[in-house]
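Participant: For reference, the sequence and a predicted model appear below.
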Amino acid sequence: MTQDTTARDGSDPSASASDDPALDVDELPGGLAAALESILMVAETPVRTERLAAAVARPTAEVAELLATLAAEYRGETGGRPRGFELREGAEGWRVYSSREHADVVSRFVLEGQSSRLSQAALETLAVVAYRQPVTRGQISAVRGVNVDGVVRTLLARGLVAEVGQDPLSGAVLFGTTGEFLDRMGWSSLDELPPLAPHLPGIEAVGDLTDRVLRQ
């Protein structure tokens, strides 16, 4: 389980951790590398480099360099065999994932014939949000040609999209993708989206359709 790093008295725990003279990860089996691996193996969400550095009481630059080295080692770039897992840094930090190359066998094991994937409607809606964000429900509906209230609720529940503000003209809620979406895709930023946007109609071109969809 990932532990809360906020102290009860409101102080910054990273400061006290880095100054703890009793903490010396070099004395542990495997040293610093093993200490980082043990933290990442129990982390339920991505962990930023700064938080890892505080946990092991080491400079952030040293930890960042070692994390990059471990990631390369797991990919088999340093002479060893490629692992069935990989260490990746996403928008929210570092996390251990199963290897992309083994996605089919992992899916077969996890799903066991039961599909838990997003529906086609959810995937299409997620694509519209990703490429046209920030975007309102009405604008998504105008692009897809159907009401998307239920699908948007599903994406919100999955943590793939989130409310990011309000449209200054209509007051409608604006939606955008989340760090979880980027991490699931294995990206660090939206700049890595494939160049598909030109194939989606522009929001400015569907403004006349929004009111009609909302009245349905």
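Facilitator: On my side now, so go ahead.

Participant: how is this protein carved up into domains?
Facilitator: The chain is divided into the following domains under automatic domain parsing: 13-107, 120-214.

Participant: Would you map the helices across the protein?
Facilitator: Shown for the chain, the helices assigned by DSSP state H span residues 13-18, 31-42, 49-56, 60-74, 103-111, 120-132, 137-144, 149-157, 179-185, 207-214.

Participant: list the helices and strands the third one packs on?
Facilitator: Going back to what we said before, that points to helix 49-56. Counting contacts by 3 or more CB pairs under 8 Å, 6 or more residues apart in numbering; DSSP states H and E, helix 49-56 packs against helix 13-18, helix 31-42, helix 60-74, strand 93-98. All C-beta atoms are positioned from the backbone trio N, CA, C, and that covers glycine.

Participant: relative to helix 31-42, how tilted is the longest one?
Facilitator: Spelled out, that is helix 60-74. 70 degrees (axes from the mean of the first three to the mean of the last three CA atoms, to 10 degrees).

Participant: What angle do helix 49-56 and helix 60-74 make with each other?
Facilitator: Computed with the same axes, to 10 degrees, the direction of helix 60-74 lies at 100 degrees from that of helix 49-56.

Participant: could I get helix 60-74 in CSV with only the CA atoms?
Facilitator: Written as CSV, here are the backbone C-alpha positions of helix 60-74 (Å, rounded to 0.1, in the frame of the first residue of the first chain):
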residue,chain,number,x,y,z
THR,A,60,17.1,13.7,-6.3
ALA,A,61,19.7,13.8,-9.2
GLU,A,62,21.3,10.5,-7.9
VAL,A,63,18.0,8.8,-7.7
ALA,A,64,16.9,10.0,-11.1
GLU,A,65,20.1,8.7,-12.7
LEU,A,66,19.7,5.3,-11.0
LEU,A,67,16.0,5.0,-12.0
ALA,A,68,17.0,5.6,-15.7
THR,A,69,19.7,3.0,-15.3
LEU,A,70,17.3,0.5,-13.9
ALA,A,71,14.8,1.2,-16.6
ALA,A,72,17.4,0.4,-19.3
GLU,A,73,18.5,-2.7,-17.4
TYR,A,74,14.9,-4.1,-17.3
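
Participant: Now do it: everything it contacts.
Facilitator: If you take CB atoms under 8 Å, 6 or more residues apart in numbering as the criterion, helix 60-74 is touched by 32-33, 36-37, 49-50, 52-53, 56, 78, 80, 82-83, 85-89, 94.

Participant: And stretch 38-52, by the same measure?
Facilitator: For stretch 38-52, the external contacting residues (CB under 8 Å, 6+ apart) are 1-2, 5, 14, 36, 55-56, 60, 63-64, 67, 87, 89-96, 179, 183.

Participant: Give me the mean pLDDT for that stretch.
Facilitator: Mean pLDDT, stretch 38-52: 90.

Participant: again, but for stretch 132-152
Facilitator: 90.

Participant: before we move on, what about stretch 105-120?
Facilitator: 65.
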